[in-house]
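**Q** sharing a model prediction with you, sequence too.
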Amino acid sequence: MSGLLDRIRRTARMMVGVPDYDSYARHMLTHHPDQPVMTHAQFFRERQEARYGGKNGGKCC
């Protein structure tokens, strides 16, 4: 049952644009053990910049 709840949480977060740090960290440790894993704050900032653009990337005018 908890597996189903985890999948529902991940799906809901993806729908509203909240990145899944736990999946990222698990992937990095499994597939890229030689590379450092970003902290939660670094990961969140990187995902926000990727989604909304960096400096002056989100200007509307």
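**A** Great, that's in hand. Numbering: from 1, shown residues only.

**Q** any idea how far T30 lies from Q48?
**A** According to Cβ to Cβ, to the nearest Å, T30 stands 25 Å off from Q48. The way it works is simple: take the backbone N, C-alpha and C, and place the C-beta from them, glycine included.

**Q** ah, wrong one, I meant A41
**A** The value you get for A41 to Q48, if Cβ to Cβ is used, is 11 Å.

**Q** where does G17 fall, phi/psi-wise?
**A** phi 90, psi 20 (degrees, to the nearest 10).

**Q** which residues does it contact?
**A** G17 is in contact with R51, counting by Cβ atoms under 8 Å, 6 or more residues apart in numbering.

**Q** give me the pLDDT value at it.
**A** Looking at G17, its pLDDT is 73.

**Q** and what of the one 10 residues further on?
**A** Predicted confidence (pLDDT) at H27: the value is 93.

**Q** same check on C60?
**A** Taking C60 on its own, its pLDDT is 59.

**Q** I8 too?
**A** Looking at I8, its pLDDT is 90.

**Q** helices of the protein, residue ranges please.
**A** For the chain, applying DSSP state H gives helices covering 2-16, 21-31, 40-52.

**Q** follow-up on the earlier one: so for A41 and Q48, which sits in the more crowded spot?
**A** More crowded of A41 and Q48, by other Cβ atoms under 10 Å: Q48, with 13 against 9.

**Q** excluding its backbone neighbours, what's nearest the residue sitting nearest the centre point of the chain?
**A** The centroid of the chain falls nearest to P19 when counting by Cα atoms, centre = their mean (3.0 Å). The shortest distance from P19 to any non-neighbouring residue, by Cβ to Cβ, 6 or more residues apart in numbering, is to R47 (4.1 Å).
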